[in-house]
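[1] turn this into a structure:
(one chain, ligands or ions: 1)
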Amino acid sequence: MDRDILKCLLLLSFFAVYIGMICGCGTVEKQPPGAAIRPLPRPSLVTPRKVVPSGLRLPHVNVTAHKWKYIVVHHSASPAGSAASFDEFHRNKRGWDRGLGYHFVIGNGRGARNGVVETGNRWTRQIDGAHAGSAEYNEHGIGVCLVGDFEVGSPTNEQISSLVKLVKELQWICNIPSENVILHRHIRDTQCPGGSFPYYELLAGLPR
Ligand SMILES: [Zn+2]
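    Below you'll find the model as predicted:
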C-alpha cells in the first residue's frame, strides 16, 4: 500500500512538472530571463546635418529649405558685446520684439569668450533677420556679427577662425555659394564691418 502511494506521488510530481513546462513555467531554461526584455534600439548614426565638418557645435535646427541664400557679415561697431547684450539692446532700445537682429554673434573676449559662436533665436526659429537694412537680405540673408569695431581695430584670430568655420558650415547646410558670402557694405551705404575686416582672408578659407 505504501509503495502504491509512493508510486502515485511520483507520478503526480512528474505530471506536475510536465504540466508546468507546457504552461510556460518551465521555460526558464529555454529562454533566459534577459531574452524577454527587448533590447533598446541602437542609437542611430548622427544625421548628416548633425555632423559638423567644421568642428563647431551648433544647436541642431530644422533649417527651412530654400530660405537662406546669402551670408552677411557685420561688426558690432562696439569694443565689447555678446548675443545677450545685443539682444537686450535690440529689444529695449530698438523696440524689436523678436530681439537680437543677427542670427549669430562671434565674441572677442570682451562680453563673450574670444571666438565663441553664439546662436541667436532668429536662427533657431528660422525667422528673418534685422541686420541688413534691406528686405531681401533680411529675409534671405543669415546675419553674422563679429563683436568689435574694425574701423579702429581688427578681429581676433580666434574670431576669423570661428567665422570661417561657421560660414563653411552654413554654406554646407544651406547650399550657399561662396560668392553669396558678402559684407554688409556690399548691400547698403555703410562701413560695416569696418575697413580692417579681412574679407579676402575669409574668402580664401571658403570653398571655390
Ligand atoms: Zn552691419
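
[2] can you list the residues of the chain near the ion?
    Contact residues, the chain versus the ion (C-beta under 5 Å from the ion): 74, 184, 192. In this view, the C-beta of every residue, glycine as well, is placed from N, C-alpha and C.

[3] now do the contacts for the first one.
    Yep, that's residue 74 we're talking about. 102, 131, 143, 144, 145, 146, 183, 184, 192, 193 (C-beta atoms under 8 Å, 6 or more residues apart in numbering).

[4] A strand includes it, no?
    Yes - the assignment for residue 74 by DSSP: H, G, I helix; E, B strand; the rest coil puts it in a strand.

[5] tell me the SS of the nearest residue to it once chain neighbours are set aside?
    Distances taken as C-beta to C-beta, 6 or more residues apart in numbering put residue 145 closest to residue 74, at 4.4 Å, once the chain neighbours are dropped. In three-state terms, and counting by three-state DSSP, residue 145 is strand.

[6] also residue 112?
    coil.

[7] next: residue 185.
    Strictly by three-state DSSP, residue 185 counts as helix.

[8] report how many residues lie close to it.
    17 (other C-beta atoms under 10 Å).

[9] residues touching it, list them.
    191, 192, 193.

[10] name the member of these that has the highest neighbour count.
    Counting neighbours by other C-beta under 10 Å, the top entry in the contacts of residue 185 is residue 193, with 26 neighbours.

[11] can you tell me which of the contacts of residue 74 has the most neighbours?
    Counting by other C-beta under 10 Å, top hit in the contacts of residue 74: residue 145 with 28 neighbours.

[12] is that residue bridged to anything, and to what?
    residue 74, residue 105 (DSSP bridges).

[13] now the most centrally placed residue in the chain. Its backbone dihedrals?
    Centroid-nearest residue in the chain: residue 59, 2.0 Å away (criterion: C-alpha atoms, centre = their mean). For residue 59, the backbone dihedrals (degrees, to the nearest 10) come out as phi -60, psi 150.

[14] so who does it touch?
    Shown in contact with residue 59 (C-beta under 8 Å, 6+ apart): 119, 124.

[15] sorry, back to before: need the residues of the chain next to the ion in TSV with distance to residue 163, can you?
    Shown next, in TSV, are the residues of the chain next to the ion (distance: C-beta to C-beta, whole Å):
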residue	distance to residue 163
74	11
184	14
192	14
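
[16] can you map out the helices along this structure?
    2-23, 83-92, 121-124, 135-140, 157-174, 199-204 (DSSP state H).

[17] lowest-confidence stretch among those helices?
    Of all those, the minimum mean pLDDT falls on helix 2-23 (a mean of 48).

[18] quick one: residues contacting the residue nearest to residue 74.
    Counted by C-beta under 8 Å, 6+ apart, residue 145 has contacts 73, 74, 75, 76, 86, 102, 104, 105, 106, 131.

[19] and which of the residues you listed is nearest to the ion?
    residue 74 (3.3 Å; C-beta to the ion).

[20] near residue 94, how many other residues are there?
    Applying other C-beta under 10 Å, we find 11 other residues in the vicinity of residue 94.
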